[in-house]
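Undergrad: sequence and predicted structure, then a few things I'm wondering about:
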Amino acid sequence: MIKALGYFSELIRGSIITTRHFVVNMYFHTLKLFRIKAQRKGAVTTQYPEERVEIAHRHRSLHRLMKREDGKPRCVVCMLCATVCPSECIYVEAAEDPDPEVQKYPSTFTIDLTRCCFCGFCVEACPEDAIRMDTNEVEIAEYSREDLIYDLDKLTR
Amino acid sequence: MIDILIVLIKIVFAMMWFLILALYLTWAERKESAVMQDRIGANRANIWKFRAIGLFQPFADAIKMFFKEDFTPVFSKRFIHNLAPFLSFFFVLVTIAVIPFGDVLRLGEREIKLQVLDINVGLLFILAMLSMSIYGVILSGWASNSRWTLLGGLRGAAQLVSYEVALGLSLIGLIMVFPSLTLSNLVHFQGELLFGWLPKWGIILQPLGFIIFLFAAVAESERVPFDLPEGESEIIGFYTEYSGLKWGLYMFTDFMKVLIVACLLTTLFFGGWQVPWLYADGFHFPWGGQWLLPHGIVVAFQVLAFNLKVFFFCWFQILVRWTYPRFRYDQLMDLGWKVLIPLSLLNIVATAILMSL
């Protein structure tokens, strides 16, 4: 009997919590409806396509390849990124550069974004600071898988 | 001739009221649960960029359901499979006929009862029809010819039958206090005053009966704390094999049950269309003041009071649905047979003793 009363009081306590949330949120919704400034909004929702959350400074977003002053990619094809990549999504092919200071440049550099897990190891590994993940682009979606294999042109853009 | 016309108009109005409110209960449920959980809820459905806080959402849902494939599995008993959702829909729909929306409306010479059908077994009629709607559950479970639906149907039948007992017994105390089964009479009795100032509503005379009826009625509507027949988050239950509009009909029946339970709670325990101290000619306050009103305003007050009470109980049932987790099956049966039925018997005995004093 005592136990049953305990259950019953817990039932009431639970419904008081949800009612409190309802009333408080409705109060702030009503204030907003009448354009009155309030300390907070009635809901924590961000209305995504219209409002966006600010992306954090260190957020790992879409990759980009850095360029030298003359516009060529900074990459020297040391293959560290391709080696460290846990999802094996980076493919690099080297070509000889006429400049003896540079020696190699990537003739192809593709990142398969369908496989990439955005761990950021490639950025950590790169000795030349040639690849970065700071474009703040997070809406990477395409209609076909082929479009998600980014090549040199797309990455240096 | 004009009488038939009036009855037809009343039927149309009652059905429109019932169906439109049930339609918008889906919207209310989404919005209320969202507000309770600090969310916003469905607000994207629009007509020409005009969103109106998601009020078009029910129509968007209906259009979606129309265009979904209506799939009948080959292994099902086709005729009964098609019949079952309509059975449960029909038996819930007819209950609205006996709910009194207000007192008598006088238009010239004519007196119109704001109730489609004032039969002398109104309460029994509602209980019987709600019991009949179990057939929709059982038949769909059986006719789909699949294990999940059969188990869901069995669970649904067991739950509904056992809570039916508590539902009926909890009302006996009320019928002893207000000696009538006619719903309009029940409401009229609740217009009287206790000690000269307290309205004689069912909840004041039968508090225990009210609590038992509340539990049993929420269990009848098969929603979350008692949603064993459906268990929509994992076992799906008796309408596993339904899709498209027939599935939508089951969902819609659920919301209609919520509405009819709210109507019943209002009519039986919260004075129906009665406003405290409002009589046919206006307010007569117990402290002596009075505020006389014309007939039309009084009827409007009554209908408004009925609607507000029904909205409150719809709100309350949605609150219950989004607050409590589901019962385990044996706990559900324990609550029904070992708690609610003994308590309702106790309620009958206590009422009888108090009345004979």
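TA: Right, received. Where do you want to start?
Undergrad: which parts of chain A are strands?
TA: Across chain A, reading from the start of the chain, the strands by DSSP state E fall at A:64-65, A:90-96, A:104-112, A:131-132, A:149-150.
Undergrad: indicate which one of those strands is closest to chain B.
TA: Judged by C-beta to the nearest C-beta, the one of the strands of chain A that comes nearest to chain B is strand A:149-150, at 31.7 Å. In this view, the C-beta of every residue, glycine as well, is placed from N, C-alpha and C.
Undergrad: list the helices and strands that closest one packs on?
TA: Counting contacts by 3 or more C-beta pairs under 8 Å, 6 or more residues apart in numbering or on different chains; DSSP states H and E, strand A:149-150 is packed against strand A:104-112.
Undergrad: pull up the pairing partners for the strand it packs on, direction included.
TA: Sheet pairing for strand A:104-112, assigned by DSSP bridges, gives strand A:90-96 (antiparallel), strand A:149-150 (antiparallel).
Undergrad: quick one on the thing from earlier: which one of the strands of chain A is the most hemmed in?
TA: A comparison of those by mean neighbour count, using mean count of other C-beta atoms under 10 Å in any protein chain shown, puts strand A:131-132 on top with a mean of 20.
Undergrad: give me the mean pLDDT for that one.
TA: On average, the pLDDT along strand A:131-132 is 92.
Undergrad: neighbours around B:Ala350, how many?
TA: Look at B:Ala350: counted by other C-beta atoms under 10 Å in any protein chain shown, it has 14 neighbours.
Undergrad: brain fart, B:Asp227
TA: 21.
Undergrad: swap in B:Pro225?
TA: Residues lying near B:Pro225 (other C-beta under 10 Å) number 18.
Undergrad: with B:Leu186 instead?
TA: Other residues within reach of B:Leu186, judged by other C-beta under 10 Å, total 24.
Undergrad: name the nearest residue to B:Leu87, ignoring sequence neighbours.
TA: Taking C-beta to C-beta, 6 or more residues apart in numbering or on different chains as the measure, B:Leu87 lies nearest to B:Gly136, with 4.4 Å between them; neighbours along the chain are not counted.
Undergrad: give the next helix or strand downstream of the host helix or strand of the one you found.
TA: Element membership for B:Gly136 (DSSP states H and E) is helix B:134-143. Heading C-terminal from helix B:134-143, the first helix or strand you meet, by DSSP H and E, is helix B:147-177.
Undergrad: if we can go back for a sec, redo the strands paired with strand A:104-112 as CSV? Include distance to B:Gly153 and mean pLDDT.
TA: Putting the strands paired with strand A:104-112 into CSV (distance: least, C-beta to C-beta, whole Å; pLDDT from 0 to 100) gives the following:
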stretch, distance to B:Gly153, mean pLDDT
strand A:90-96, 56, 92
strand A:149-150, 51, 92
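Undergrad: what separates A:Val92 from A:Val76, distance-wise?
TA: Summarising the geometry, the distance separating A:Val92 from A:Val76, computed by C-beta to C-beta, to the nearest Å, is 10 Å.
Undergrad: re earlier: so which of the strands of chain A is nearest B:Gly336?
TA: Of all those, the one in closest proximity to B:Gly336, counting by C-beta to C-beta, is strand A:104-112 (58.2 Å).
Undergrad: give me the distance from the longest helix seen in chain B to the chain's centre.
TA: Ranked by number of residues, the top helix in chain B under DSSP state H is helix B:2-36. Counting by C-alpha atoms, centre = their mean, to the nearest Å, helix B:2-36 is centred 12 Å from the centre of its parent chain.
Undergrad: tell me the helices and strands packed up against the next helix-or-strand element following that helix.
TA: Downstream of helix B:2-36, the next assigned helix or strand under DSSP H and E is helix B:57-67. When contacts are defined as 3+ C-beta pairs under 8 Å, 6+ apart, helix B:57-67 sits against helix B:2-36, helix B:244-269.
Undergrad: make a markdown table from those helices and add mean neighbour count and mean pLDDT to it.
TA: Conversion of those to a markdown table gives the following (neighbours: other C-beta atoms under 10 Å in any protein chain shown; pLDDT from 0 to 100):
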| stretch | mean neighbour count | mean pLDDT |
| --- | --- | --- |
| helix B:2-36 | 16 | 91 |
| helix B:244-269 | 23 | 91 |
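Undergrad: B:Pro286 versus the closest residue to B:Leu205 other than its chain neighbours, what's the distance?
TA: Using C-beta to C-beta, 6+ apart and skipping the chain neighbours, the partner closest in space to B:Leu205 is B:Val177 (5.0 Å). As defined by C-beta to C-beta, B:Val177 lies at a distance of 21 Å from B:Pro286.
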